[in-house]
Every structure is written in structure tokens, then in C-alpha cells.
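Visitor: Got a sequence here, can you model it:
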Amino acid sequence: MTGYPWPIETDTLDNGLRVIVSEDHRAPVVGVNLWYDVGSRHEPAGQTGFAHLFEHLMFEGSAQVGKTEHMKLVQGSGGSLNATTNPDRTNYFESVPAEHLPLMLWLEADRMGGLVPALTQETLDNQREVVKNERRQRYEDQPYGDFWLRLLPLMYPPGHPYHHATIGEMADLNAADLVTFQNFHRRYYVPHNAVLTVVGDTTPDEVFKLARQYFGGIPRGADIPPAPAGRDLSPAGPPRREDVVADVPAARVYLAVATAPFGSADYDVASVLAGVLATGRGSRLYQRLAEGRRLAQPDYLAAYGVDLAHAPAPLILSATARDGVGADELEAGLVDVVDELVRDGVADDEVARVQALMTTSWWRQMETVAGRADALSRYATQFGDPRLAGTRLPARLAVTAAQVSALAAAVLAADRRLTIRYLPEKERP
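Guide: From the prediction side, this is the model:
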């Protein structure tokens with residue numbers, strides 16, 4: 001497949017808001033997606049977690065919408081909604097029957113242009129506690145849950161925009177004050193820092209008209225200072241590793257390396273490499289560690305890239321031990337598989353298997369209004385053109401076994417690896 005298979009129309013309002021429409025009348029639904037170019041990489045020291053906390057605040061009422069009413073209005077219209085924050089961006093999205101598109105755009109415009117007057121100290125205090133509980137439940141109290149908190153400081157040096165996790169540090173969350181968040185909204189939640197995408201049963205004329213009606217009167221906002229640069233990492237040094245003795249049901253070993261930024265040719269190759277290692281029953285890790293040597297639990301083998309666009313992104317491998325297998329034996333088995341791949345390369349049929357799976361996954365995403373809207377917003381925000389979303393699958397289908405072998409030899413070399421092991425209490429050294 002080449003090119004982009006769906007129509008795309010774009011417009012930019014006078015205040016800088018970029019609007020994207022992909023018309024698709026196969027079902028009477030629309031997906032609305034709003035990307036703001038702000039994530040945890042924009043946070044200065046002492047303000048970690050602020051981008052994610054602000055995502056929560058965006059559901060707590062705005063100038064003309066009361067507390068919790070945004071969610072009630074969407075769900076009462078037969079729709080679904082959510083929001084996410086990562087190091088690179090914050091996005092807000094709804095899928096609803098097409099007849100409710102005007103309401104969705106009005107709701108998003110109201111909280112873009114009218115959140116600050118409704119933001120109170122009580123709201124901030126309540127949502128601060130929600131986020132702190134989220135950190136406890138998802139990161140601190142879950143087995144293996146703090147892996148991401150440990151990985152980022154090991155992979156990215158102090159001062160790097162990816163050095164800290166999006167959830168933030170407890171001390172910084174406790175120190176958050178109302179004026180800081182009011183200024184956060186005024187700086188980042190402005191039209192020229194956002195991309196609005198609508199996919200589904202509508203027309204470009206209708207969306208552009210509604211966007212001008214609801215968003216056109218919001219001031220553009222001041223220029224935004226760039227986030228700290230992070231493309232260049234320090235040269236590889238001694239292998240970095242950390243052992244964590246914790247209340248976990250079995251030993252788990254993570255092996256991670258820095259690859260290339262999402263959107264680059266090398267990242268496409270790294271994505272195929274991850275599939276060769278651990279996607280499906282035909283993958284190297286499954287064949288060697290789950291079925292062959294029976295060291296790892298088959299349901300807990302993984303290899304995946306993290307889609308970070310502004311610095312070399314992580315490629316992460318993980319394996320969880322079967323009963324009776326210790327961390328040392330599991331790590332040795334995982335390293336054997338990686339060393340074999342680095343030494344001998346990969347075969348054409350391995351790459352073809354992964355590319356077939358990627359094709360299925362890509363179409364499943366892009367055939368939904370929500371998935372397509374998110375992809376178009378991503379490529380418009382990060383690469384300046386939503387049509388580049390159509391190049392993602394062809395680029396990965398063009399990857400060759402020779403390219404995968406060469407990248408594996410470069411990025412999976414022993415001196416590039418970072419290892420984090422979780423050991424049950426009984427394996428305490």
C-alpha cells in the first residue's frame with residue numbers, strides 16, 4: 001500500500017489552530033481528537049507531573065460547563081471519552097454519534113478558552129490527591145509497577161527532558177500551586193499549540209465552520225518556548241543494571257536499549273526488530289525461552305518500542321520466570337537469545353511474519369474513527385503533516401532482514417544494554 005487511502009482536508013484558523021478532517025460515511029459516528037503539544041518533557045525541575053495533573057483538571061469544569069458535566073454530556077450523548085498524557089503530548093478524545101459533533105467541539109472549545117476562571121484551589125487539591133493515589137496504585141503498589149520510574153533515570157541523564165516519568169514525583173505534586181496551573185493553561189492550552197482532528201460521518205465544510213464558530217474567538221496566545229533538546233545522548237558506558245528485591249510473584253528481567261526517535265527510518269527498523277523478538281508464538285523469545293528451554297512464562301514475554309519522538313526512544317525486552325527459575329538463569333537465557341540475534345542476524349521469513357502482523361494491527365487502528373483521528377493528530381503535531389501517517393506502514397513493510405540485522409548489531413551490543421531485574425524476597429542476594 002502506498003499513499004494515504006482516506007481523504008484529508010486541512011485548515012488553519014487565524015489564531016493558529018490546525019484543523020484536520022477525514023470524511024468517512026460508512027457509519028454514523030465521528031471521532032474528535034485534540035492534541036496539545038505539551039507533555040512531561042516540557043516540565044522544568046520541581047514541576048514533574050504537572051502536565052498529567054493538568055489533564056485531570058481539564059475534566060473539572062470550565063467557564064460554561066460545571067464540574068464533572070463534560071463527561072456526563074458526552075456519555076449522555078451515547079459517546080465515550082478519555083485523555084492521556086505522555087512525555088511528548090496531551091490528547092483529549094471523544095467518539096460519538098455524528099449528530100452530536102457540534103456539542104463535542106463546543107465542549108472542547110469551552111475548556112480551551114475558559115478553564116482558568118473555573119479553576120479553584122479546591123479542584124486542584126482534589127485532583128492532586130487523585131494523581132497521587134494513581135501513582136501509588138499503578139507504580140508503587142503494583143508488582144513490577146515502578147519499572148518505568150527506574151528505567152528513565154538510568155537511560156536518560158539528569159536534565160534530559162525524558163529523565164523523569166510523566167506521573168511526576170510526590171514532592172513536586174505536593175508543591176503544585178494554583179497560580180502555576182493557571183499560567184500553565186495560559187501558556188500551553190492555546191490554539192496555536194493544538195491540533196483538532198475529526199474523522200467520520202461529517203464533511204470538511206461542516207467541521208471548518210464549527211471550528212471557526214467555537215474556537216475562532218479564542219486568542220492565539222503567546223509564543224511558547226521550546227522544550228529542552230534531547231536528541232543526543234551520552235556515549236555508551238559500562239553496562240547499567242539494577243536489582244530490585246520486591247514483593248513480586250516471580251523473577252522478572254528487563255533489558256532496554258536506546259534506539260532512534262519515533263518517526264525515523266531507524267525506529268521503523270527497531271519496531272520490526274521488536275516483533276522478531278517477541279510478537280506472537282513464532283518470535284525468538286517465545287520459541288527459545290517459553291517453549292524451548294521453558295524458562296519464561298509465555299504470557300509475560302514482551303519486546304516493544306516506546307513511541308517517543310524527540311530523543312532516541314527505548315526498545316524494551318522483558319521476561320518473567322516460570323516456577324523454579326531464578327533471575328540469574330532467566331537473564332542468562334534472555335541474553336543468549338539477544339547475543340544469538342546480534343551474532344547471526346535475522347532471516348527473511350522472520351521479518352515477513354512480523355510485517356504481516358503489523359499490517360493487520362495498522363488497519364485495525366486506522367479503520368476506527370478514534371484510531372485514525374489520533375494518528376492524524378500525531379503526525380500533524382510532531383511532523384507537520386497528517387498525510388505522513390500514510391507512510392508509516394509502507395515504511396515498515398519496506399524494512400529488510402539486512403537492515404534489522406545491522407540495527408540489532410548496533411543497538412543491542414552488550415555495552416548498550418540496561419538491565420533491571422525484579423527478585424522475589426527469597427532470591428535476595
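Visitor: per-domain residue ranges of this protein.
Guide: Domains of the chain are assigned by automatic domain parsing as 9-215, 240-427.
Visitor: so which of these comes closest to P226?
Guide: When the domains of the chain are compared by C-beta to C-beta, domain 9-215 sits nearest P226, at 8.9 Å. No exception for glycine: its C-beta is placed from N, CA and C like everyone else's.
Visitor: Please state the offset of that closest one from the chain centre?
Guide: Taking C-alpha atoms, centre = their mean, to the nearest Å, one finds the center of domain 9-215 at 13 Å from the center of the full chain.
Visitor: how long is that domain end to end?
Guide: Start-to-end span of domain 9-215 (C-alpha to C-alpha, to the nearest Å) is 18 Å.
Visitor: got CSV for the domains of the chain, with mean pLDDT and mean neighbour count too?
Guide: Converted to CSV, the domains of the chain look like this (pLDDT from 0 to 100; neighbours: other C-beta atoms under 10 Å):
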stretch, mean pLDDT, mean neighbour count
domain 9-215, 96, 19
domain 240-427, 96, 19
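Visitor: Ok, which of the ones you listed comes nearest L233?
Guide: Closest of the domains of the chain to L233 is domain 240-427, at 5.7 Å (criterion: C-beta to C-beta).
Visitor: which stretch of helix or strand covers L196?
Guide: Per DSSP states H and E: L196 is located in strand 194-200.
Visitor: And for T84?
Guide: Using DSSP H and E, the element containing T84 is strand 80-85.
Visitor: Show me what that strand is packed against.
Guide: helix 50-57, helix 69-76, strand 90-97 (3 or more C-beta pairs under 8 Å, 6 or more residues apart in numbering; DSSP states H and E).
Visitor: of these, which approaches V195 most closely?
Guide: strand 90-97 (9.2 Å).
Visitor: Who does that closest one pair with, and is each partner parallel or antiparallel?
Guide: strand 29-36 (antiparallel), strand 80-85 (antiparallel) (DSSP bridges).
Visitor: and those as CSV, adding distance to R416?
Guide: Formatted as CSV, the strands paired with strand 90-97 follow (distance: least, C-beta to C-beta, whole Å):
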stretch, distance to R416
strand 29-36, 32
strand 80-85, 29
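Visitor: Identify whichever of these lies nearest to L210.
Guide: strand 29-36 (10.4 Å).
Visitor: Show residues contacting that closest one.
Guide: 89-98, 101, 104-105, 108, 112, 188-189, 193-202, 368-374, 376-378, 380-381 (C-beta atoms under 8 Å, 6 or more residues apart in numbering).
Visitor: Now do it and helix 50-57, the angle between them.
Guide: With axes from the mean of the first three to the mean of the last three C-alpha atoms, to 10 degrees as the basis, strand 29-36 and helix 50-57 are set at 140 degrees to each other.
Visitor: Please save the CA atoms from strand 29-36 in CSV.
Guide: Provided in CSV are the C-alpha atoms of strand 29-36 (Å, rounded to 0.1, in the frame of the first residue of the first chain):
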residue,chain,number,x,y,z
VAL,A,29,-20.2,8.3,14.1
VAL,A,30,-17.4,10.7,14.5
GLY,A,31,-14.1,10.7,16.3
VAL,A,32,-12.9,14.0,17.8
ASN,A,33,-9.3,14.3,18.8
LEU,A,34,-7.4,17.3,20.2
TRP,A,35,-3.7,17.1,20.6
TYR,A,36,-1.8,19.7,22.7
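Visitor: That one to strand 194-200, inter-axis angle?
Guide: 170 degrees.
Visitor: Contacts only, for the nearest residue to N193 once chain neighbours are set aside.
Guide: Leaving out its chain neighbours, the residue that sits closest to N193 by C-beta to C-beta, 6 or more residues apart in numbering is D37, at 5.0 Å. Applying C-beta under 8 Å, 6+ apart, one finds that D37 lies in contact with R89, Y188, N193, A194, V195, I224, T381.
Visitor: separation between D37 and P386?
Guide: Computed as C-beta to C-beta, to the nearest Å, the D37 to P386 distance reads 14 Å.
Visitor: Name the helix or strand for S22, please.
Guide: Going by DSSP H and E, S22 is part of strand 18-23.
Visitor: quick one: contacts of that strand?
Guide: Against strand 18-23 from outside (C-beta under 8 Å, 6+ apart): 6-13, 194-200, 202-204, 207-208, 211, 372-373, 376-377, 380, 386.
Visitor: Among these, which are located in helices?
Guide: P204, V207, F208, A211, R372, A373, L376, S377, A380 (DSSP state H).
Visitor: quick one, strands of the stretch 101-250 of the chain?
Guide: All strands of the stretch 101-250 of the chain, identified by DSSP state E, counting those that start in this stretch, fall at 194-200, 240-245.
Visitor: would you list the ones you listed in a markdown table and tack on distance to P117?
Guide: Formatted as a markdown table, the strands of the stretch 101-250 of the chain follow (distance: least, C-beta to C-beta, whole Å):
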| stretch | distance to P117 |
| --- | --- |
| strand 194-200 | 19 |
| strand 240-245 | 45 |
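Visitor: Mind checking these for the one nearest to S361?
Guide: Of the strands of the stretch 101-250 of the chain, the one closest to S361 (C-beta to C-beta) turns out to be strand 194-200, at 18.2 Å.
Visitor: so that closest one versus strand 18-23, what angle?
Guide: Relative orientation of strand 194-200 versus strand 18-23 (the same axes, to 10 degrees): 10 degrees.
Visitor: which other helices and strands contact strand 194-200?
Guide: strand 18-23, strand 29-36, helix 101-113, helix 204-215, helix 369-383.
Visitor: Tell me which of those approaches M155 most closely.
Guide: Among these, if distance is taken as C-beta to C-beta, the winner is helix 369-383, at 20.4 Å.
Visitor: relative to strand 90-97, how tilted is that closest one?
Guide: Using the same axes, to 10 degrees: helix 369-383 against strand 90-97 is 150 degrees.
Visitor: which residues are in contact with helix 369-383?
Guide: 6, 8, 10, 18, 20, 22, 24, 27, 29-35, 37, 88-89, 91, 93, 95, 195-200, 262-263, 309, 364-366, 385-389, 392.
Visitor: Mind checking what helix or strand follows it in sequence?
Guide: helix 392-397.
Visitor: and that following helix, what does it pack onto?
Guide: helix 265-278, helix 348-366.
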